[in-house]
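A.B. asks: the following block contains a protein sequence and its predicted model.
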Amino acid sequence: MKVRSLHLKIIALFSLFSCEMKPKVVEEDSSLLIKKSYVYDPSVSLDFNGEYFSGEAQILVYELQKARYDSIHNGEAILVQVVEPFLYKEQVKNDQGEAEGSLNILKSNYFERFSTGVYDYALMTSTFTPLRYDTLQHSIKITSSIQDWCGQTLLHLNNRGVFNLQMNSYFQKEGDSTFEIDRTWQEDEIMNLIRLSEAVLPLDNFKILPKTAFLSTNHITPKSYGAFGQIKNEMMDTLALKVYSISIPELKRTVRYYYDPSRENLITKIEEEYPTVFDGKIRKSTAILKSSQKMPYWELNAPSNKKLRKKMGLK
């Protein structure tokens, strides 16, 4: 028994040191994830200390044209990105100062607001991605809500070695359901990965969980799909931009993210092509950047602060 016990201790010790040597190895035991310090390659992560730890968020406002049903609808998209401390085990914001299990994450809140004829849509997705992306591999948590005059759908994904996804929907086809999906790339995390470093973007052939709001609004079962990713250079006016694209053949879906390397990979345009409901015709949604502001928006909640909305280009 003593020999077996010593053998297990040696294996555990070797495993601990091997993870220090290979930071891309993901621990299945969350107790190790939250109790040990990881060595990681700084070339795949930007230094956010000056830009995002300044006590402000970056707010990007886009002119939106949304493909829905059999038409294109005008609207507005807003991307709010900020770094926050996050508790891995509980998978919530660390707002009480706990030391154990706290990671710095890049949080993105992405809003899409548009009207279809007489009634409104409001979509929101929150994605929580560790700055030391190679420590955990893939974002920790994603939540989405889709609201229109018919009803609403809520999706909640937690990365705990596998993806645990819960969906609560007004619509009969989804209803209240849960899914367990092997850990893979997430389309919802792409905007965060672009801001962290293009070096962590998936290229060539890979598996991906499509955008949760897309899955919900098109009533598609959540699972991973085969995809192909590539990065190209493109000139737009006088700007030298890069374009990261993903194609998902099974869903006839293509997404392109245009970003500016000279401005910390600021995302200037998003294009999505996919079959729309009613007639199945492939249409294109676009979000084109109108303004970029940095501010502590949570402090700007007085009526007198409304004048800032005009500066931000908000409707």
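C.D. replies: Received the coordinates, thanks. Residues are numbered from 1 along each chain as shown.

A.B. asks: contacting residues for residue 183?
C.D. replies: Shown in contact with residue 183 (C-beta atoms under 8 Å, 6 or more residues apart in numbering): 26, 137-138, 159, 161-163. Placement of C-beta: from N, CA and C, glycine included.

A.B. asks: closest one of these to residue 185?
C.D. replies: residue 138 (6.8 Å; C-beta to C-beta).

A.B. asks: does that closest one touch residue 187 like I think?
C.D. replies: No - look at residue 138 against residue 187 with C-beta atoms under 8 Å: they stay out of range, at 11.6 Å.

A.B. asks: with neighbour numbers in mind, choose between those two.
C.D. replies: Higher neighbour count among residue 138 and residue 187: residue 187, with 24 against 18, using other C-beta atoms under 10 Å.

A.B. asks: for the more buried one, phi and psi?
C.D. replies: phi -60, psi -30 (degrees, to the nearest 10).

A.B. asks: again with residue 191
C.D. replies: Backbone torsions of residue 191, given as degrees, to the nearest 10, read phi -60, psi -30.

A.B. asks: and for residue 197?
C.D. replies: Taking degrees, to the nearest 10 as the convention, residue 197 sits at phi 180, psi 130.

A.B. asks: swap in residue 250?
C.D. replies: The phi/psi pair for residue 250 (degrees, to the nearest 10) is phi -60, psi -30.

A.B. asks: enumerate every residue touching it.
C.D. replies: Counted by C-beta under 8 Å, 6+ apart, residue 250 has contacts 225-226.

A.B. asks: returning to that earlier point: make a ChimeraX selection of the buried ones in the contacts of residue 183.
C.D. replies: The buried subset of the contacts of residue 183, as determined by 16 or more other C-beta atoms under 10 Å, is captured in ChimeraX by this line:
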select :137,138,159,163
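
A.B. asks: my guess is residue 200 contacts residue 193, does it?
C.D. replies: Yes - contact criterion C-beta under 8 Å: residue 200 and residue 193 qualify, at 5.2 Å.

A.B. asks: more neighbours, those two?
C.D. replies: Neighbour count, other C-beta under 10 Å: between residue 200 and residue 193, residue 193 has more, with 25 against 16.

A.B. asks: from residue 273, how far off is the more buried one?
C.D. replies: 21 Å (C-beta to C-beta, to the nearest Å).

A.B. asks: which phi and psi does the residue nearest to the spatial centre of the chain have?
C.D. replies: Nearest to the geometric centre of the chain sits residue 189, at 2.7 Å (C-alpha atoms, centre = their mean). When quoted as degrees, to the nearest 10, the phi and psi of residue 189 stand at phi -90, psi -10.

A.B. asks: contacts only, for it.
C.D. replies: 127, 129, 138-139, 142.

A.B. asks: swap in 7 Å and give it another go.
C.D. replies: 127, 129, 138-139 (C-beta atoms under 7 Å, 6 or more residues apart in numbering).

A.B. asks: can I get the residues you listed in JSON lines with pLDDT, secondary structure and distance to residue 116?
C.D. replies: Listed next are the contacts of residue 189 as JSON lines, based on pLDDT from 0 to 100; DSSP: H, G, I helix; E, B strand; the rest coil; distance: C-beta to C-beta, whole Å:
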{"residue": "127", "pLDDT": "97", "secondary structure": "strand", "distance to residue 116": "25"}
{"residue": "129", "pLDDT": "92", "secondary structure": "strand", "distance to residue 116": "31"}
{"residue": "138", "pLDDT": "87", "secondary structure": "coil", "distance to residue 116": "33"}
{"residue": "139", "pLDDT": "93", "secondary structure": "coil", "distance to residue 116": "30"}
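
A.B. asks: tell me how many other residues crowd the closest residue to residue 249 other than its chain neighbours.
C.D. replies: Of all residues not flanking residue 249 in the chain, residue 226 sits nearest, at 6.8 Å (C-beta to C-beta, 6 or more residues apart in numbering). Using other C-beta under 10 Å, residue 226 has 13 neighbouring residues.

A.B. asks: in its sheet, what does the lengthiest strand in the chain sit against?
C.D. replies: Longest strand in the chain, counting residues (DSSP state E): strand 71-87. As defined by DSSP bridges, the strand partners of strand 71-87 come to strand 57-68 (antiparallel), strand 92-93 (antiparallel), strand 102-116 (antiparallel).

A.B. asks: and residue 75, what are its bridge partners?
C.D. replies: Beta-bridge partners, per DSSP bridges, of residue 75: residue 64, residue 114.

A.B. asks: for burial, what's the neighbour tally of it?
C.D. replies: By the criterion of other C-beta under 10 Å, residue 75 has 24 neighbours.

A.B. asks: next one: the one 5 residues further on
C.D. replies: Residue 80: 16 surrounding residues under other C-beta under 10 Å.
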